[in-house]
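Novice: one predicted model, sequence on top.
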Amino acid sequence: MNERLLSKLYQTYSIEDFDKFDCVKLSKVFYLVLLFVLRGYLVWLISVTNMKDRVVTMQWIYPETRLFFLSLLSGIIGLCVVTLISLRRPNAANWVKLVWPYCRIMLVSALIFDFTVNLSAFFYWQLTSISWLVCQGLLVFVLITLCFSSKRMNINLIEFPQILPEK
């Protein structure tokens, strides 16, 4: 990228916005989308750590067990993005560097897949309510809009950490 264009991208950020490799810290949009897509795994972790009754939390959020398993299925793409985020560092494998710029596409695909799974759960098996489906549709729309409008996410996808020379 052009030096002038890069300096324009970075002019609104302070020193606290950069990590130890002089890359802009990851956008909060990454984490919001991952929280939404991985909610089945989060509920599973919360229910496993509940010492009194391991199933009550899961049954409260997912009254139908098929919904819980569908949520886990739709979170697989999110797990791939979490893996990429954890491997995003200098000296990362070449496949990580090649796949990293496509994280936004992976997150949006995960959101659309998750919504499609819930649509099918509503229309084919009547497992969800119409109010939950509308709320989820709105959330998915807002999160996809955030993914494409976030300037920080654009910068995150352009840059990749590199080893810095010692000062």
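Specialist: That came through, no problem. Residues are numbered from 1 along each chain as shown.
Novice: name the element the residue nearest to the spatial centre of the chain belongs to?
Specialist: The geometric centre of the chain, computed from its C-alpha atoms, lies nearest to residue 34 (Cα atoms, centre = their mean), at 2.7 Å. Remark: residue 34 resides in helix 28-37, with elements defined by DSSP states H and E.
Novice: list the contacts of that helix.
Specialist: For helix 28-37, the surrounding residues in contact (Cβ atoms under 8 Å, 6 or more residues apart in numbering) are 42, 74-75, 77-78, 81-82, 85, 103, 107, 110-111, 114, 139, 143, 146-147, 150, 152-153, 156. Any C-beta I mention is one placed from the backbone N, CA and C, and that applies to glycine too.
Novice: so of these, which ones are in strands?
Specialist: The strands, defined by DSSP state E, take in nothing from those.
Novice: helices - which of those residues land there?
Specialist: Secondary-structure check on these using DSSP state H: residues within helices are 42, 74, 77-78, 81-82, 85, 103, 107, 110-111, 114, 139, 143, 146-147, 152-153, 156.
Novice: make a PyMOL selection of the buried ones in those.
Specialist: Restricted to buried positions by 16 or more other Cβ atoms under 10 Å, the PyMOL selection for those reads:
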select buried, resi 74+77+78+81+82+85+103+107+110+111+114+143+146+147+152+153+156
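Novice: residue ranges with poor pLDDT in this structure?
Specialist: Per-residue confidence for the chain (pLDDT under 70) gives these ranges: 1-7, 167.
Novice: and with 50 instead?
Specialist: By pLDDT under 50, the chain contains no weakly predicted segment.
Novice: re earlier: any idea how far residue 68 is from the residue nearest to the centre of the chain?
Specialist: Distance from residue 34 to residue 68, counting by Cβ to Cβ, to the nearest Å: 18 Å.
Novice: and residue 134, by the same measure?
Specialist: Distance, residue 134 to residue 68, using Cβ to Cβ: 21 Å.
Novice: tell me which of these two has more neighbours.
Specialist: Taking residue 134 and residue 68 together and counting by other Cβ atoms under 10 Å, residue 68 has the greater number of neighbours (18 against 10).
Novice: give me the neighbour count for the residue nearest to that one when sequence neighbours are not counted.
Specialist: In space, residue 68 comes closest to residue 62 once its chain neighbours are excluded; the distance is 3.8 Å by Cβ to Cβ, 6 or more residues apart in numbering. Residues within reach of residue 62, counting by other Cβ under 10 Å, total 21.
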